[in-house]
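A.B. asks: with the input below, show me the fold.
(one chain, ligands or ions: 1)
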Amino acid sequence: MHLSSASSTRRHRSGRAAGLAAAFALALVAGTAQAADTTPALQLERFATQAASAGQAERGRDFFNARHGGEWSCASCHGQPPTRSGKHASTGKAIDALAPAANARAFTDTARVDKWFRRNCKDVLQRECSAGEKADVMAYLIGLRP
Ligand code: HEC
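C.D. replies: Numbers count the residues shown, from 1 in each chain. Sure, this is the predicted structure:
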């Protein structure tokens, strides 16, 4: 009697712990799917601080549309203006609008921003973009209205 009630308490406790662990795991999964750890304005500030110069929208627009000697510009995949869905230049897959005013998810996840800047700049310029170039692009995108 004594023993069985003790073991039922234990079962109860471990059941609760498992429930908490499951809730925590769920929260982690939800967190990964939508990290939302930053904002477009904070990303502009980050790059401008790194570059020690404010982003310039007009310079960002020219940079965005230029081919930089290669086959693609940023606009080749993200469209011009990038306030609508883009289309991947080689796979044809749809790409969510890059301008924050047209896409609430754009520039809300620092790791994602870094990953795609790195990958896309290498595709277009055969090198990473400088902080100044990223600040210019951010200033351009933030200024766009759908
Ligand atoms: C070959 C196609 C292609 C080119 C060219 C390209 N991109 Fe992208 N870009 C993508 C794709 C695909 C994504 C991911 C979109 C998604 O998951 O919805 C992306 C996402 C991004 C993101 C992440 C935005 C966010 O927070 O969601 C940034 C920043 C970005 N691109 C910047 C650039 C810049 C700057 C250039 C030009 C130097 C450029 N891209 C050129 C295909 C491209």
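A.B. asks: those residues of the protein touching the ligand, which are they?
C.D. replies: Selection of the chain residues close to the ligand by Cβ under 6 Å from any ligand atom yields 72, 74, 76-78, 88-90, 95-96, 98, 106-107, 112-113, 116-117, 120-121, 123-124, 137. Quick note: C-beta positions are derived from backbone N, CA and C, even for glycine.
A.B. asks: could you flag which of these are buried?
C.D. replies: Neighbour-count burial (16 or more other Cβ atoms under 10 Å) applied to the residues of the chain next to the ligand gives 74, 76-78, 89, 95, 98, 106-107, 113, 117, 120-121, 123-124, 137.
A.B. asks: helices - which of these land there?
C.D. replies: In this view, these that belong to helices under DSSP state H are 74, 76-78, 113, 117, 120-121, 123-124, 137.
A.B. asks: can you tell me which of the buried ones among the residues of the chain next to the ligand is nearest Glu58?
C.D. replies: Val137 (11.6 Å; Cβ to Cβ).
A.B. asks: for the closest one, what are its contacts?
C.D. replies: The contact partners of Val137, by Cβ atoms under 8 Å, 6 or more residues apart in numbering, come to 55, 60, 63-64, 74, 129.
A.B. asks: among these, which are located in strands?
C.D. replies: Judged by DSSP state E, the subset of the contacts of Val137 located in strands is empty.
A.B. asks: who wins on neighbours among these?
C.D. replies: Most neighbours among these, by other Cβ atoms under 10 Å: Cys74, with 27 neighbours.
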